[in-house]
Every structure is written in structure tokens, then in C-alpha cells.
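Participant: can you look at this prediction? I've put the sequence above it.
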Amino acid sequence: MACTGSEGNNAPKAEQKPNEKREHMRIQERAFRVYTDEEHFEDVIRFYEGLQGIGCERRVRIPETGVEAAKVGGFLLLAGDRERVDAVRQVGAIFYLDSLDEFSSWLEQVGAEIIHRPRTVTGGRNLTARHPDGLVVEYFEAGRARPTAAGRATMKAWKLDRLGGKLGFVDAPIPDVRPGSVLIRVETQSLMSYLKPYLEGALKAYRAPEDFIPGGNAVGVIEAVGADVWHLKAGQRVVASSHLVARENVQEPGQILIGITSPGGVGDVLQQSWKNGTLAEYALFPAQAVTPIEGLDDYDLAQLTAITRCVVPYGGLVRGRLAAGETVIVNGATGAYGTAAVLLALAMGAAHVVAAGRNKEMLDQLTKAGGSRVSPVVLSGDVEKDTAALRSAAAGGAHLAFDMVGNAKEPNSTLAALGALYRGGRIVLMGSSTAPVPLNYLQVMFNNLEIIGNFMHAQNAYLPLLALVRSDQLDLRPIRPNVFSLSDLEHAMAAAETAGSLELVVVISQHRNC
Ligand SMILES: NC(=O)c1ccc[n+]([C@@H]2O[C@H](COP(=O)([O-])OP(=O)(O)OC[C@H]3O[C@@H](n4cnc5c(N)ncnc54)[C@H](OP(=O)(O)O)[C@@H]3O)[C@@H](O)[C@H]2O)c1
């Protein structure tokens with residue numbers, strides 16, 4: 001329908017033919033800009049979602065203005081403190097375009113005032129113009145490489161063409177958020193001790209995709225959230241876990257360790273979908289693998305990164321149903337995860353922890369860090385002798401054994417831990433062994449022993465783990481961070497390979513000034 005009527009003072013100048021010019025330009029989408037404060041932001045988002053019957057498509061913190069933005073259908077909702085919002089409040093709408101430059105000259109020709117000329121901003125370029133009638137509009141053209149983080153299209157990342165292949169520190173595209181995902185600006189991550197042999201293809205049990213970014217954990221800040229993400233928000237500090245289990249309600253949903261390995265089967269398909277890990281400035285993660293870190297902002301970030309190590313044994317101790325007041329044997333206690341397991345078992349209320357290992361010096365350091373509830377046992381490799389030593393240290397027996405041996409060549413220490421359980425005791429097998437563990441059938445049967453295998457942790461494991469840190473029950477400080485920059489991966493990997501079990505190699509991304 002043509003819109004006709006008498007011309008007012010603000011009508012376009014008579015000699016111009018705006019419609020002719022407009023043929024080559026297209027407004028792809030329009031949205032009202034709505035302003036609110038941070039406190040009411042969630043309510044405002046919910047209102048406009050309800051009004052239009054759709055979800056929020058995208059949330060991002062705009063670094064140029066410090067304002068948080070959420071796009072919900074025909075509305076761009078903006079929140080921030082009063083000063084920041086007031087600085088942009090005059091803009092009443094945003095028009096998404098295909099060609100900013102064409103609009104820029106057309107607007108000038110028709111008498112609009114250009115408040116800001118075209119400039120690069122987060123995700124593209126924009127200009128701000130006051131129409132002849134007074135309406136102030138942001139004209140926005142998305143960058144060729146889709147909206148990106150902090151106005152950048154690329155990031156630094158470690159890329160490996162295949163396990164055992166070529167590793168390079170390259171410029172890679174910053175991933176686009178997609179439904180169900182969050183884009184994390186990675187701040188820190190811990191390295192596993194065997195990262196180097198893993199990348200070199202020396203660990204045959206691992207399956208990785210081709211041309212991928214390795215790295216399996218991160219602490220960082222959410223840069224943007226995709227559609228179908230309901231709770232996580234841009235600007236929130238989070239911890240990302242590599243453990244991803246497919247969401248469908250089927251008997252055996254596929255699972256992978258993002259940026260590390262797939263056990264095969266559906267996992268390989270899942271891995272193609274979530275190919276890249278965290279050894280980069282930004283990482284795209286499924287929302288379900290990300291947990292907000294609240295109330296720990298004052299914690300030193302490198303130190304806090306120790307939670308990425310703790311969550312693994314935490315998963316096993318929970319699966320082993322560790323109850324406060326029980327006695328626990330940790331086998332492999334001189335290893336990285338075993339040491340963390342000792343500290344966690346204490347934090348979770350174990351009355352007594354027997355730390356079993358072969359290295360006396362490391363056991364002594366651990367006992368010092370753990371305190372009076374820890375009893376070290378130096379293993380000899382003789383099952384009978386070691387069983388007796390463990391029982392004696394446990395003052396009769398243990399309720400739970402947590403086995404975290406790494407790449408064991410024989411089963412002796414595992415059998416000794418099993419033999420030192422009370423009747424009805426449980427053993428959680430969580431490490432790795434190249435040798436089978438021969439079971440004494442009658443011993444297991446007569447003693448009601450429970451043998452529990454465990455891979456990783458429950459999806460929500462970080463919530464109670466973080467609560468243990470927040471409430472000072474779990475002190476992360478005995479695990480000392482040794483910090484390297486992202487670009488210095490060679491040295492970081494070498495340090496991780498030789499690090500003591502009370503040491504954590506932490507890689508910090510360059511965009512953080514630590
Ligand atoms: N189930 C899961 O979800 C999961 C998750 C992550 C990792 N893992 C596995 O956990 C294992 C441990 O990782 P980590 O980083 O803690 O390794 P680590 O630091 O190398 O520690 C390995 C520990 O195992 C001990 N050990 C090795 N062989 C032994 C044997 N025959 N008898 C007694 N103790 C033995 C080592 O003792 P010494 O110091 O005396 O050699 C050391 O204490 C890895 O192999 C990994 O595959 C499992």
C-alpha cells in the first residue's frame with residue numbers, strides 16, 4: 001500500500017528520488033532498541049520472548065560500549081549501568097543491511113544527519129544517523145566472517161592435522177555460536193601430563209579428528225551464547241569440561257572428551273560435530289558442558305584452574321559413594337589425579353585416607369599437604385605384603401578404594417587395594433592399566449565386594465565441586481600452578497611431563513593480562 005499525505009517540514013527534499021536509489025540497497029531486518037538496567041535484563045528478555053513466542057537468538061557484551069545486548073525477534077534489548085546506557089539511549093532502532101556504504105551516501109543525500117560515520121564494531125560495521133524526522137537509527141552491516149568476538153574474525157590457536165602430525169600456532173577463524181552452544185574467551189587451562197606423547201600419537205588408545213584444536217578444559221568468560229541457551233549469559237565466568245555426553249534419551253548416548261578423544265562408535269560422529277578443544281583464544285562449547293563459576297572472582301585464576309584437575313577424581317569418589325567418616329585408600333596417590341583424589345576425599349569428609357604409591361618422597365610431600373588424616377604406604381609390588389600394609393595403615397580395612405594408577409604394567413597395587421577393603425567395600429577403577437586384573441572370584445563373592453568402573457564425572461559435577469571450594473572445604477592451594485603463555489606450548493608441555501603431582505601446568509591466553 002502506498003502511503004500518501006501532505007508533506008511536512010521534515011519530508012525528503014523535493015528534487016531527490018530516494019526510491020530510485022533504494023533499488024540496490026536492502027534492509028534485511030529491523031529491530032527496535034529497548035534499554036534497561038542489568039537488574040531487569042532477564043525480565044525484559046523474558047517479556048519480549050513471551051510477546052513474540054520466540055527465544056533469544058543471540059547475546060553478547062559489546063566491548064565498545066560495555067553494554068549487554070540480546071536480540072529477540074524484532075527487538076534488540078540493551079542493558080548496562082545508567083551511564084553506559086545513557087550514552088547510547090538516543091538510538092531508537094537498528095537496521096541490518098547488506099551494504100552500509102550505499103546507505104551512508106543515500107542517507108546524506110536525503111538530508112539525514114550522520115552522527116557516526118561507518119566504523120568497525122563487534123561483528124561488523126555500523127553508522128548512526130538521525131533521520132530528517134529526528135529518529136536516530138543504527139545501520140549495521142554484519143562482517144563477512146559473521147559476527148565475531150570483540151570485533152575480530154580470527155584468533156590464535158594450536159592446530160594439529162592429526163595425532164602424530166604437524167602442530168602449528170595459527171590464525172584460525174573465531175567460531176560462530178550455534179544453537180545450544182557458548183563461545184568462551186579462554187583465560188586459562190591446565191595441561192595433562194601426557195599432552196606431548198598424546199599429540200605425537202604415542203598413546204594408541206586415543207582417537208582424535210583430523211585438523212583440530214586440541215585441549216580439554218578451560219576457565220574463561222562467555223563471549224556470546226547461541227539460541228536455545230537459557231541460563232548462561234555473555235560476560236559470565238565459566239569452567240568448561242571436555243566430557244560431552246549426547247543429550248538424547250537413549251540407552252547408550254555417545255560420549256567424547258572434546259579436544260582429546262572419542263571412544264569410537266557414535267562418539268566419532270559427535271567428535272566431528274565438536275571437533276575443537278581449548279588450546280586457542282576462543283573455544284565453542286556445548287552449553288551442557290559449561291558451568292558458571294560464581295562467588296570465586298577473587299580467587300587467583302591460575303590457582304582456581306586446579307578445579308579442572310579435581311573434577312576427574314571427584315567424579316570417581318562420588319560414583320564410589322564416599323560417605324563422610326569413611327576410610328579411603330587412594331592407589332596411584334603420587335600421580336596428578338591420585339594426589340587430587342587424596343585432597344578431595346579429605347574435603348568430602350573422609351575420616352582417614354591411606355595414600356598408596358611407590359615414590360616415598362612424593363608420598364611424604366602429599367602427607368604434609370594433606371595433614372594428620374593421611375597415612376602414606378610405600379608399595380613394594382608384593383600383593384600380600386602390600387595388602388597387609390594397607391590394612392594396617394587403614395586401622396583394619398577401608399570402606400572405599402579409589403584406583404587411579406596410570407598405564408600400570410601389572411595389577412599388583414590394584415589387587416592389594418581390593419584386598420584391603422572391609423566386607424561390603426567398593427573399589428573404583430578410574431586409571432589405566434595395560435595388564436588384566438585377575439580376580440579371586442571367591443574373595444569378591446564372600447566379601448560382597450563391589451567393583452565399579454568410572455569414566456569422568458556427572459555433567460553437573462562442577463556445581464558441588466565449586467561449592468566445596470567456595471565454602472573452604474577444598475583448599476586448592478596445595479596444588480601449585482606453574483604458568484605459561486598459550487604461545488609457549490612447547491615449554492608448557494615439557495613442564496607438564498615432569499611436573500610433580502602437587503604442581504599444575506596452567507596455560508594463560510594472551511588476551512589476559514595476568
Ligand atoms: N577414568 C577417567 O575418566 C580418567 C580421566 C582422566 C585420566 N584417566 C587416567 O588416569 C591415569 C592417571 O593419570 P595421571 O595424570 O594422574 O597420571 P600420572 O600423574 O602419571 O600418575 C600415575 C600414577 O600411577 C602410578 N602407577 C603407575 N603404574 C603403577 C603400578 N604398576 N603400580 C602402582 N602404581 C602405579 C604412578 O606411580 P609412580 O609415580 O610410582 O610411577 C602414579 O602415581 C591416566 O593413565 C589416565 O588414562 C582416567
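Facilitator: Arrived safely, thanks for sending. Numbers count the residues shown, from 1 in each chain.
Participant: what parts of the stretch 251-400 of the chain come near the ligand?
Facilitator: Listed as neighbours of the ligand in the stretch 251-400 of the chain under the rule C-beta under 6 Å from any ligand atom: V312, G332, T334, G335, A336, Y337, G338, G357, R358, N359, L379. C-beta coordinates here come from the backbone N, C-alpha and C atoms, glycine included.
Participant: pretty sure the first one sits in a helix.
Facilitator: Yes: inclusion of V312 in a helix is indicated when DSSP: H, G, I helix; E, B strand; the rest coil is applied.
Participant: which ones are touching it?
Facilitator: Y337, A340, M430, M456, H457 (C-beta atoms under 8 Å, 6 or more residues apart in numbering).
Participant: how about the last one?
Facilitator: Listed by C-beta under 8 Å, 6+ apart, the contact set of L379 reads A356, G357, R358, D386, A389, N412, S413, A416.
Participant: my guess is the second one contacts T339. True?
Facilitator: What it means is G357. No: contact criterion C-beta atoms under 8 Å: G357 and T339 do not qualify, at 9.1 Å.
Participant: joint contacts of the two?
Facilitator: With C-beta under 8 Å, 6+ apart, G357 and T339 have common neighbours A333.
Participant: between those two, tell me which one has more neighbours.
Facilitator: Between G357 and T339, T339 has the larger neighbour count (other C-beta atoms under 10 Å), namely 30 against 24.
Participant: I'd say that one and L504 touch.
Facilitator: No: using C-beta under 8 Å, T339 is not in contact with L504, being 10.2 Å away.
Participant: near the ligand, which residues of this structure are found?
Facilitator: So far as C-beta under 6 Å from any ligand atom goes, the chain lies against the ligand at 193, 312, 332, 334-338, 357-359, 379, 404-410, 413, 430-432, 454-456, 501.
Participant: among the contacts of V312, which are in helices?
Facilitator: Y337, A340 (DSSP state H).
Participant: and the furthest pair within the contacts of V312?
Facilitator: A340 and M456 (13.9 Å; C-beta to C-beta).
Participant: which one's more surrounded, those two?
Facilitator: A340 (28 against 19).
Participant: count the neighbours of the one residue in the stretch 151-300 of the chain that gets nearest to the ligand for me.
Facilitator: Going by C-beta to the nearest ligand atom, the ligand is nearest to S193 of the stretch 151-300 of the chain, at 4.8 Å. Close neighbours of S193, defined as other C-beta under 10 Å, add up to 20.
Participant: contacting residues around it?
Facilitator: Neighbours of S193 in contact, by C-beta under 8 Å, 6+ apart: A336, A496, E497, A499.
Participant: leaving out the residues flanking it, which one is nearest to R358?
Facilitator: L379 (5.3 Å; C-beta to C-beta, 6 or more residues apart in numbering).
Participant: center of this protein, which residue is that?
Facilitator: A240 (1.7 Å; C-alpha atoms, centre = their mean).
Participant: residues contacting the residue in the stretch 401-514 of the chain that the ligand sits nearest to?
Facilitator: Nearest to the ligand in the stretch 401-514 of the chain, going by C-beta to the nearest ligand atom, is G406, at a distance of 2.8 Å. Applying C-beta under 8 Å, 6+ apart, we find G406 in contact with G332, G335, G431, S432.
Participant: strands - which of the contacts of L379 land there?
Facilitator: Among the contacts of L379, the members found in strands (DSSP state E) are A356, G357.
Participant: any of the contacts of L379 buried? List them.
Facilitator: A356, G357, D386, A389, N412, S413, A416 (16 or more other C-beta atoms under 10 Å).
Participant: show me where the stretch 101-250 of the chain has its helices.
Facilitator: When secondary structure is read from DSSP state H, counting those that start in this stretch, the stretch 101-250 of the chain shows helices at 195-199.
Participant: now the strands for it?
Facilitator: Here the stretch 101-250 of the chain has its strands, by DSSP state E, counting those that start in this stretch, at 113-121, 124-130, 136-142, 154-160, 167-173, 181-190, 217-225, 237-241, 243-245.
Participant: same question, the stretch 401-514 of the chain
Facilitator: Under the criterion DSSP E, counting those that start in this stretch, the stretch 401-514 of the chain contains strands at 421-429, 450-453, 480-485, 503-508.
Participant: in its sheet, what does the first one sit against?
Facilitator: In other words, strand 421-429. strand 398-403 (parallel), strand 450-453 (parallel) (DSSP bridges).
Participant: deepest of the ones you listed, which one?
Facilitator: strand 398-403 (a mean of 28; mean count of other C-beta atoms under 10 Å).
Participant: centre of the chain to it, how far?
Facilitator: Averaged C-alpha coordinates place strand 398-403 at 30 Å from its chain's average position (C-alpha atoms, centre = their mean, to the nearest Å).
Participant: what's the answer for stretch 104-118, then?
Facilitator: Between the centre of stretch 104-118 and the centre of its chain there are 43 Å (C-alpha atoms, centre = their mean).
Participant: now the terminal residues of that stretch, how far apart.
Facilitator: End-to-end span of stretch 104-118 (C-alpha to C-alpha, to the nearest Å): 8 Å.
Participant: residue in the stretch 251-400 of the chain with the shortest distance to the ligand?
Facilitator: Counting by C-beta to the nearest ligand atom, the stretch 251-400 of the chain gets nearest the ligand through G335, at 2.1 Å.
Participant: what sits closest to that residue if chain neighbours are left out?
Facilitator: Leaving aside its sequence neighbours, G335 sits nearest to G406 (C-beta to C-beta, 6+ apart; 5.3 Å).
Participant: for that neighbour, give me phi and psi.
Facilitator: As for G406, its main-chain torsions (degrees, to the nearest 10) stand at phi -110, psi 120.
Participant: farthest-apart pair in the contacts of S193, please.
Facilitator: It's A336 and E497 that sit farthest apart of those, by C-beta to C-beta, at 11.1 Å.
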